[in-house]
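Enquirer: quick one, what's the 3D model for this:
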Amino acid sequence: GRFSSLFEWFRNIFNPDSQLIPDENIRKPRFDEEHDEDQYLRNMPEHLRLDTAQYPTRLKATSRLVGIGDAHGDLEAFEKVLKQAGLIPSDEQLENDLSLDRHQWMGNDTILVQVGDQLDRGDSERKILHLLKHLKTQAKEKGGDVIALLGNHELMNAQGDFRYVTAGGFEEFTEFDRELDGILDSEVPEEIINSVSVMPGFTRARALALLPGGPTAQMLAEFNIVVVVGEIAFVHGGICKEHLMNLSVEKYALEQLNYETRQFLLGHGPIPSVLDDSNPLVSPVWMRDYSNPRPSQSDCERLKEALDLIGAKSLVVGHTPQASGITCACGGNVWRIDTGLSAAYGGLPECIEFIGASQSPSIITESGKVSPSARAVPERIITPVSYVQSTF
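Expert: Alright, predicted model coming up:
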């Protein structure tokens, strides 16, 4: 099948036994210097160069950039936001032009970034994954792109944590077998087969698909943890200097994080230490420091330090639902775009857009565009007690 072929392609391209050895001559991560794309790739270690050529960590900005928050298995809500952003046909357009497909890309050269958490809490997870893939193919033909990131819920599922899966979510993996079709036991790692065999029967199809090396895990392996488009960085939870220093190839820390996560999902290596729950440092998919109702001054300083290191001017995050819709904080340095749009939360269907070379932001709501100043949140002057992590 095509997914087993993809598995073999990755296996041949990447050497799972290779070790990432830090180069003492590589300085601390910094990307705000002017480098052309060829030089950026030429100076990169070979394993990262091969990976980022296929799955870029950094992309040049186009005329329009759109960010959408956590979808959590709600296809209808996700489609609604796509329509509001003009990325797929509106109901009126479909009525007036019968030649249009309901999932036809209408965004021309727009780059769409969905910040993770496609999975859990809803019944249409796989439909969302396939829609993202379908739109990406179309967008690239028009000079745009569709980039999906990994959230904590994708990694939880890849580790067999199904606490937040709905009954419909389990059923979706038994009713529809597009990924599982043609997958033979011999193509699945033996340890995965052993793990799945002792699971309750209703969970096995999902586990077989999502555990590392499985066909849906291979789909997720095409997603990154972090991406930078122009000067706007996207990650599910947050990023800080400590995350970057936790990675051995410091100058290309973001690229290495994406590479190591991809290897994990393909079944070629362990989960990166910076994402491991045993690491006392809260990972980039769990971090909430910049998503507090009012971030502290010290949080905003940490954010600015991280942005300077990765060469970005703003960070866009999901993960923590914002009850009043999309907000910005830390003087516009962070956009919090998880509006809890899925039925599990009943939040607002909103997205963020950045227009032109200056990447000027605005918020797209059901009733039109909203100025960033209307959603700005002041920072707290006193550093708060550490924020308690909870699961969303």
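Enquirer: all contacts plus neighbour counts: C-alpha atoms, from now on.
Expert: OK.
Enquirer: so how far does stretch 266-278 reach from one end to the other?
Expert: In stretch 266-278, first residue to last residue: 21 Å (CA to CA, to the nearest Å).
Enquirer: actually stretch 201-214, not the one I wrote
Expert: Between the start and the finish of stretch 201-214 there is a gap of 17 Å, counting by CA to CA.
Enquirer: pull out the buried residues from that stretch.
Expert: Under the neighbour-count criterion of 16 or more other CA atoms under 10 Å, stretch 201-214 has 203-214 buried.
Enquirer: give the rounded mean pLDDT of it.
Expert: Averaged over stretch 201-214, pLDDT sits at 91.
Enquirer: re earlier: and the buried residues of stretch 201-214 as TSV, adding secondary structure?
Expert: Output for the buried residues of stretch 201-214, formatted as TSV (DSSP: H, G, I helix; E, B strand; the rest coil):
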residue	secondary structure
Thr203	helix
Arg204	helix
Ala205	helix
Arg206	helix
Ala207	helix
Leu208	helix
Ala209	helix
Leu210	helix
Leu211	coil
Pro212	coil
Gly213	coil
Gly214	coil
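Enquirer: ok, which pair from the residues you listed is furthest apart?
Expert: Put simply, by CA to CA the two of the buried residues of stretch 201-214 set farthest apart are Thr203 and Gly213, 16.8 Å from each other.
Enquirer: mind putting the buried residues of stretch 201-214 into CSV with distance to Glu366?
Expert: Converted to CSV, the buried residues of stretch 201-214 look like this (distance: CA to CA, whole Å):
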residue, distance to Glu366
Thr203, 37
Arg204, 40
Ala205, 38
Arg206, 35
Ala207, 37
Leu208, 39
Ala209, 36
Leu210, 34
Leu211, 37
Pro212, 39
Gly213, 40
Gly214, 38
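Enquirer: ok, of those, which one's closest to Lys241?
Expert: The closest of the buried residues of stretch 201-214, once distances to Lys241 are taken by CA to CA, is Pro212, at 28.3 Å.
Enquirer: just checking, the closest one touches Leu266?
Expert: Yes. Between Pro212 and Leu266 there is a contact at 5.4 Å, judged by CA atoms under 8 Å.
Enquirer: any residues in contact with both of these two?
Expert: Gln218 (CA atoms under 8 Å, 6 or more residues apart in numbering).
Enquirer: most centrally placed residue in this protein?
Expert: Central residue check for the chain by CA atoms, centre = their mean: the C-alpha nearest the mean position is that of Leu149, 1.3 Å away.
Enquirer: could you identify the longest helix within this protein?
Expert: In the chain, ranked by residue count with DSSP state H as the criterion, the top helix is helix 125-141.
Enquirer: figure out how far it is from the centre of its chain.
Expert: The chain centre lies 14 Å from the centre of helix 125-141; the measure is CA atoms, centre = their mean, to the nearest Å.
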